[in-house]
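**Q** Need the 3D shape of this:
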Amino acid sequence: MQGPMIYRLLLYAFLAILLALGVVVARKFLLTPPPAPVPSATPEEALQQREVLLYFATADGTGLESETREIEDCLVEEECLRATIQALVDGPDGDLVAVVPPSALVQRISVEGATVTVGFSREFVTGHPGGSMTELLTVYALANTLAANFPHLRQVRILIDGAPVETLKGHVDLREPIPADFDFGRPQVNAGAASPGGE
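**A** The predicted model follows:
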């Protein structure tokens, strides 16, 4: 008779231990407060802005002037380049004149050394009014905008639909990268001064 009694006592003891453990575990989960929610970013934190300098044509079409613009901040250089160029395509906010056809799409951006290659859609050419001074304003506005905001990039190569072109409308030579020229960007520049490709 003692054997079954011992087994029964052991069973009761085992069940009591399980019950005690269950109470401890339940108390831990029921009484422990849930973790505090992580505060979400405020709109100001989520949408950090950065200031860029964009070059547009003066109202009389004789030179370039800069205009500051705020764009959404970025961490990847290609995204920063794309956002800056897109702001240039979008045109000025003030009295300056756009230098890139608004229908032009930015298709490709790559960087090699101090040269940035920007690929535009065909509208960059078809929507351009042409003329030697206007072409100069376009290519130098692009080159100067990139160099002003990304000082390690000193020249820009322009592609159209993924391919190199000799010129936009027959005036500025685009077979080689266009270097930034902030002297050209001054409104008092002589329009008859040297052009990358001549007349």
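**Q** Residue ranges of each domain in this protein, please.
**A** 1-33, 43-179 (automatic domain parsing).
**Q** can you redo these as JSON lines with mean neighbour count and mean pLDDT?
**A** (Each C-beta comes from the backbone N, C-alpha and C, glycine too.) Formatted as JSON lines, those follow (neighbours: other C-beta atoms under 10 Å; pLDDT from 0 to 100):
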{"stretch": "domain 1-33", "mean neighbour count": "9", "mean pLDDT": "61"}
{"stretch": "domain 43-179", "mean neighbour count": "17", "mean pLDDT": "93"}
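**Q** got a list of what residue 73 touches?
**A** 48-50 (C-beta atoms under 8 Å, 6 or more residues apart in numbering).
**Q** out of these, which are inside strands?
**A** 49-50 (DSSP state E).
**Q** Output the contacts of residue 73 in TSV, with distance to residue 118 appended to each entry.
**A** As requested, these are exported to TSV (distance: C-beta to C-beta, whole Å):
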residue	distance to residue 118
48	25
49	23
50	19
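**Q** Mind jotting down where the strands sit in this protein?
**A** In the chain, the strands defined using DSSP E lie at 49-57, 64-72, 106-112, 115-120, 155-160, 163-164, 178-179.
**Q** what's the closest non-adjacent residue to residue 77?
**A** residue 111 (6.8 Å; C-beta to C-beta, 6 or more residues apart in numbering).
**Q** distance of that neighbour from residue 97?
**A** The spacing between residue 111 and residue 97, counted by C-beta to C-beta, to the nearest Å, is 28 Å.
**Q** circling back: so which of the strands of the chain gets nearest residue 171?
**A** strand 178-179 (12.7 Å; C-beta to C-beta).
**Q** Parallel or antiparallel, list what pairs with the closest one.
**A** According to DSSP bridges, strand 178-179 forms sheet pairs with strand 155-160 (antiparallel).
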